[in-house]
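Trainee: this one's sequence-less:
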């Protein structure tokens, strides 16, 4: 391997100073050596301003560095030093660099490699993803995210073999087409990231078959998928399918998942009513994003006592009725977006008891009446954004609360008695957009 570095570009290179060719590589930052044998087992050169080509090397090659007038040059070459031989590498990270050319087939000689990260190398070419996975028989973690090149394109290859691969990250590559059913043969997968691609059609049933019982993170965002498996993998904690073309209801089997942390179904065409079981996730769910779908009916009770949810976005749907009072149990809630629905309720002063609430969006709904009430307290001590646009609120805004808020938006409402309020200085406001329709 030959790579040029600006030695002043990244602090990692400052420790790479040599007195001779056989300087101990274990003293360099980014190099990990086995405590018992002293052999190099890990090499992390990420974000080190590397560039140049990765050239073929011998399995018994070693790694050293020297300075010349161009800066720091890294070489993988023959050496008598047994400590720095690449054949014992288990971890290699070359991400966030400017490598160019083909990934040499000699990568397959790194038989002990369990983790390989080549992400963010837009000029680096991979001849065969299948061969890379199949030949590196011990590989458990492969990351090729945001690698825009012609070789990471076309259909995802068939995987007619078992593999210990646990993490496969192909996020933002140029792969397209249908997901192959043989992807289910990667039966040890725990994390699968294939978002920002051009995959279409339905996800194969093999995704939820028995071999994938261990799958915890499924990221299929920003594709053209039209259908999902009816039964998500049972160990799923992160379920991200936003920005697809999915036209179905939330599968009732989702209620069987017991450890969901994040659900993002936004910007699809999901329809139907929300299952009541969403409340059962209160102790594990932190993010619920259903924005931009066709859900209808009343919003179910979302939070039981002790809920840890921090963000709920139900905007741009067709929800009706009033807000579920169980939202007052969401003691850790920071963001609540209910905009662009058909909700009809009075101002939810009872949400003011939520100590972490910073964003409350009620815009484009049928909310009515006064903002706040003489019999209730709407303190909301951390509120930064309150959006009341295109609602039917009337009356006088409670300025004593506004003093603590850093951003308020109120547009196209029917507020009255605003003259005195307008004269009061509101320190700390970053933006205020008010249209007064009555004086």
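Mentor: Nice, thanks for sending it over. On a predicted model such as this, the values are computed, not experimentally measured, just so you know.

Trainee: rest of the way, CA atoms for contacts and neighbours
Mentor: OK.

Trainee: and residue 115, what is it in contact with?
Mentor: Each residue near residue 115 by CA atoms under 8 Å, 6 or more residues apart in numbering is listed here: 90-93, 139-142.

Trainee: can you put those in CSV and add distance to residue 301 and neighbour count?
Mentor: Shown next, in CSV, are those (distance: CA to CA, whole Å; neighbours: other CA atoms under 10 Å):
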residue, distance to residue 301, neighbour count
90, 48, 20
91, 46, 21
92, 47, 22
93, 45, 18
139, 44, 24
140, 41, 20
141, 39, 20
142, 40, 20
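
Trainee: and of these, the nearest to residue 194?
Mentor: The shortest gap between residue 194 and any of the contacts of residue 115 belongs to residue 142, at 12.2 Å (CA to CA).

Trainee: which stretches of the stretch 51-200 of the chain have low pLDDT?
Mentor: 51-85, 127, 147-153 (pLDDT under 70).

Trainee: in it, which spans are strands?
Mentor: Ranges of strands in the stretch 51-200 of the chain, per DSSP state E, counting those that start in this stretch, are 51-53, 62-68, 71-77, 91-93, 98-102, 115-117, 123-125, 141-143, 153-155, 167-169, 174-177, 191-193, 198-202.

Trainee: what's the answer for the stretch 251-400 of the chain, then?
Mentor: 262-264, 271-272, 287-289, 294-298, 311-313, 318-321, 335-337, 342-343, 359-361, 368-369, 385-387, 392-395.

Trainee: Tell me who's in contact with the closest residue to residue 130 other than its chain neighbours.
Mentor: Distances taken as CA to CA, 6 or more residues apart in numbering place residue 157 nearest to residue 130, at 6.1 Å, with adjacent residues excluded. Going by CA under 8 Å, 6+ apart, residue 157 touches 129-130, 180.

Trainee: could I get the residues you listed as TSV with distance to residue 348 and neighbour count?
Mentor: Compiled in TSV, those are given as follows (distance: CA to CA, whole Å; neighbours: other CA under 10 Å):
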residue	distance to residue 348	neighbour count
129	53	15
130	55	14
180	48	16
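
Trainee: Out of those residues, which is nearest to residue 163?
Mentor: residue 130 (11.1 Å).

Trainee: shouldn't the closest one be in contact with residue 159?
Mentor: Yes. Assessed by CA atoms under 8 Å, residue 130 is found in contact with residue 159 at 6.9 Å.

Trainee: just checking, residue 242 touches residue 225?
Mentor: No. In this structure residue 242 lies outside contact range of residue 225 using CA under 8 Å: 9.9 Å.

Trainee: For residue 184, give its distance to residue 236.
Mentor: 15 Å (CA to CA, to the nearest Å).

Trainee: and what of residue 90?
Mentor: 28 Å.

Trainee: What ranges does the stretch 101-250 of the chain have for its helices?
Mentor: Remark: helices assigned in the stretch 101-250 of the chain by DSSP state H, counting those that start in this stretch are 129-135.

Trainee: Can you say which of the strands of the stretch 251-400 of the chain is nearest to residue 32?
Mentor: Nearest to residue 32 among the strands of the stretch 251-400 of the chain is strand 262-264; the distance by CA to CA comes to 33.7 Å.

Trainee: which residue sits closest to residue 302 in space, ignoring its chain neighbours?
Mentor: residue 279 (4.5 Å).

Trainee: how near is the one you found to residue 226?
Mentor: When distance is defined by CA to CA, residue 279 is 27 Å away from residue 226.

Trainee: Spit out the contact partners of residue 366.
Mentor: The neighbours of residue 366, taking CA under 8 Å, 6+ apart as the test, are 342-345, 391-392.

Trainee: Could you identify the buried members of those residues?
Mentor: 342-344, 391-392 (16 or more other CA atoms under 10 Å).

Trainee: Quickly name whichever of those is closest to residue 316.
Mentor: residue 342 (9.5 Å).

Trainee: and the closest one, what does it touch?
Mentor: By CA under 8 Å, 6+ apart, the contact list for residue 342 reads 318-321, 364-366.

Trainee: again, only this time at 6 Å
Mentor: 318-320, 365 (CA atoms under 6 Å, 6 or more residues apart in numbering).
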